[in-house]
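Colleague: Structural data only, the sequence is not supplied:
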């Protein structure tokens with residue numbers, strides 16, 4: 001694979017990355033990224049390794065090193081060291097009103113044909129009553145557990 005991005009670190013960047021790699025007060029990902037950038041440095045103070053050698057030495061894939069080099073060249077040092085947020089949006093978080101209505105529903109009389117409420121029945125009823133657009137049985141279970149509510 002051709003070397004697409006050439007990492008050339010300044011003296012200050014090398015010092016910052018060396019401190020990150022030696023301090024032991026950074027996340028594992030930052031430590032690996034800092035070491036990889038130091039090993040890939042093709043500047044006057046560095047001795048550039050091949051991407052495959054860097055990946056093998058650090059226990060990551062060659063694509064990880066290539067992406068790291070690309071982020072460094074295109075966006076800079078801080079962007080290369082920071083992990084990108086996931087594009088997947090977080091799930092809807094239910095508030096205290098939801099918990100209160102769920103607890104009230106769980107304490108009410110079970111539907112006809114059932115002796116007691118189940119978490120699946122509660123989840124279906126919450127959607128039916130338009131308390132939530134959609135809710136899983138596990139969400140209902142966690143909410144009930146959080147409020148120390150027992151269905152038995």
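Modeller: On my side now, so go ahead. The shown structure was predicted, so the numbers you read here are calculated from the model rather than taken from an experiment. Numbering: from 1, shown residues only.

Colleague: tell me the contacts of residue 72?
Modeller: Applying Cβ atoms under 8 Å, 6 or more residues apart in numbering to residue 72 gives the contacts 5, 7, 37, 79-80. All C-beta atoms are positioned from the backbone trio N, CA, C, and that covers glycine.

Colleague: Weed out the non-buried ones from these.
Modeller: Listed as buried from these are 5, 7, 37, 80; burial here means 16 or more other Cβ atoms under 10 Å.

Colleague: how near is the spatially most central residue of the chain to residue 150?
Modeller: Centroid-nearest residue in the chain, with Cα atoms, centre = their mean: residue 86, separated by 6.4 Å. Distance, residue 86 to residue 150, by Cβ to Cβ, to the nearest Å: 35 Å.

Colleague: sorry, back to before: is the residue nearest to the centre of the chain in a helix, a strand, or coil?
Modeller: Three-state assignment for residue 86 (DSSP: H, G, I helix; E, B strand; the rest coil): coil.

Colleague: Tell me the spacing between it and residue 107.
Modeller: 38 Å.
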